[in-house]
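1. Sequence and predicted structure, then a few things I'm wondering about:
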Amino acid sequence: PREMTLPVTANIVRMLGTDATSPRCAGLVGEIGQQVNCRIYEQRPSPCREFDTEHAACNRARQRHGLLPL
């Protein structure tokens, strides 16, 4: 949804919260390490569609939150 994005260029936007010092996408709800989900899953942007649990960035994100790798 457009209201959950921040313009980067005329043709590119990013999700609110992803540029923060402690990034947390505006679409993410719940408590990390407990239970989270994406409240805009059907509308999620392409980077989210391409990112999966086998991606190295997933384990880096988990490590930042004190979670073990998958």
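-> Done, it's in.

2. Only C-alpha atoms from now on, for both contacts and neighbour counts.
-> Noted.

3. tell me, what residue is most central in the chain?
-> C25 (4.6 Å; CA atoms, centre = their mean).

4. show me where pLDDT drops low in this protein?
-> Applying pLDDT under 70 to the chain flags no residue at all.

5. Strands along that one, start to end?
-> 5-7, 13-15, 28-31, 35-38 (DSSP state E).

6. most packed of these?
-> Most buried of these by mean neighbour count (mean count of other CA atoms under 10 Å) is strand 13-15; its value is a mean of 17.

7. List the pairing partners of it within its sheet, with orientation.
-> strand 5-7 (antiparallel) (DSSP bridges).

8. centre of the chain versus the strand it pairs with, how much separation?
-> 14 Å (CA atoms, centre = their mean, to the nearest Å).

9. Quick one: residues in contact with it.
-> Under the criterion CA atoms under 8 Å, 6 or more residues apart in numbering, residues 13-16 lie in contact with strand 5-7.

10. next one: stretch 19-37
-> Against stretch 19-37 from outside (CA under 8 Å, 6+ apart): 4, 15-18, 38-40, 65, 67.

11. cutoff 6 Å now
-> 16-18, 38-40 (CA atoms under 6 Å, 6 or more residues apart in numbering).

12. what's the spacing between the nearest residue to Q43 once chain neighbours are set aside and V13?
-> Nearest non-adjacent residue to Q43, counting by CA to CA, 6 or more residues apart in numbering: P1, 7.2 Å away. According to CA to CA, to the nearest Å, P1 and V13 sit 11 Å apart.

13. What of L67?
-> In terms of CA to CA, L67 sits 29 Å off from V13.

14. And P23, by the same measure?
-> 16 Å.

15. do the same with G27
-> In terms of CA to CA, G27 sits 14 Å off from V13.
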